[in-house]
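S.K.: Can you look at this prediction? I've put the sequence above it.
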Amino acid sequence: MEDFLVKTAQYASNFGSNSKSVSHDLYCAHGGGSDEGLEVFWRHFMFNGVEYLYYLYISPGRSTFSIIMVVEVTDETFDSFVASNKHAVIDCWAVWCGPCRMLSPVIEELSQEREKVAFGKLNVDQNRATPMKYGIMSIPTLLYFKDGQLVDKTIGALSKSALGDRLDKLTV
């Protein structure tokens, strides 16, 4: 486990080496029931004014771990996040939204599989200006950006394959 923590710290430090890193908090949770032995680590830090959360899942008997990167975006960091990524998808969600909770694991999987796309999450209850700017009336809403420009928008908890098709069009 210590080796894993060292690798995690090195990964986050390397990622933030070219900027002023404001926060490097590491958290851990242990699974129970059907997830017996599963450990989940998440690291929270700032990079160039954008808040990042890395989720790392470790299952018993596995020598590797997966990194799922989903960025918590706010009204203040939204523009810089979109501008700093050639392809960006923002998941506009709320804690109380059932379809948002259904979509969240799909977004996490896609963030791991689609290296060309940066994924962000915007809590619409805590950030009101961005949803107003983009006319978001229903959630979950996904905003798709290419080169800083909004090119697509979807509403509802779409399937992974439907989202994959949209991402294929985005990254062409």
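M.R.: Looks like it came in fine.

S.K.: residues of stretch 163-172 that come out buried?
M.R.: Going by neighbour count (16 or more other Cβ atoms under 10 Å), the buried part of stretch 163-172 is 163, 166-167, 170. All C-beta spots, glycine's among them, are computed from the backbone N, C-alpha and C.

S.K.: what ranges do the helices span in this structure?
M.R.: In the chain, the helices defined using DSSP state H lie at 2-15, 78-83, 98-113, 129-133, 160-170.

S.K.: Find the residue closest to F119 in space, skipping its chain neighbours.
M.R.: Among residues not flanking F119 along the chain, S111 sits closest, at 4.2 Å (Cβ to Cβ, 6 or more residues apart in numbering).

S.K.: How is this protein partitioned into domains?
M.R.: Here the domain parsing of the chain from automatic domain parsing is 1-64, 68-172.

S.K.: And L150, how close does it get to E115?
M.R.: 22 Å (Cβ to Cβ, to the nearest Å).

S.K.: okay, those two: which has more neighbours?
M.R.: L150 (13 against 10; other Cβ atoms under 10 Å).

S.K.: Spatially nearest residue to that one (excluding sequence neighbours)?
M.R.: Spatial nearest neighbour of L150, excluding adjacent residues (Cβ to Cβ, 6+ apart): L143 at 6.0 Å.

S.K.: R128 too?
M.R.: Per Cβ to Cβ, 6+ apart, closest to R128 is D75, 7.3 Å.

S.K.: Surely that neighbour touches N127?
M.R.: Yes: using Cβ atoms under 8 Å, D75 is in contact with N127, at 4.4 Å.

S.K.: neighbour-wise, which of the two wins?
M.R.: The residue with more neighbours, out of D75 and N127, is N127; 18 against 15, by other Cβ under 10 Å.

S.K.: hmm, back to that, show the contacting residues for the residue nearest to L150.
M.R.: 89-90, 92, 134, 150, 152-153 (Cβ atoms under 8 Å, 6 or more residues apart in numbering).
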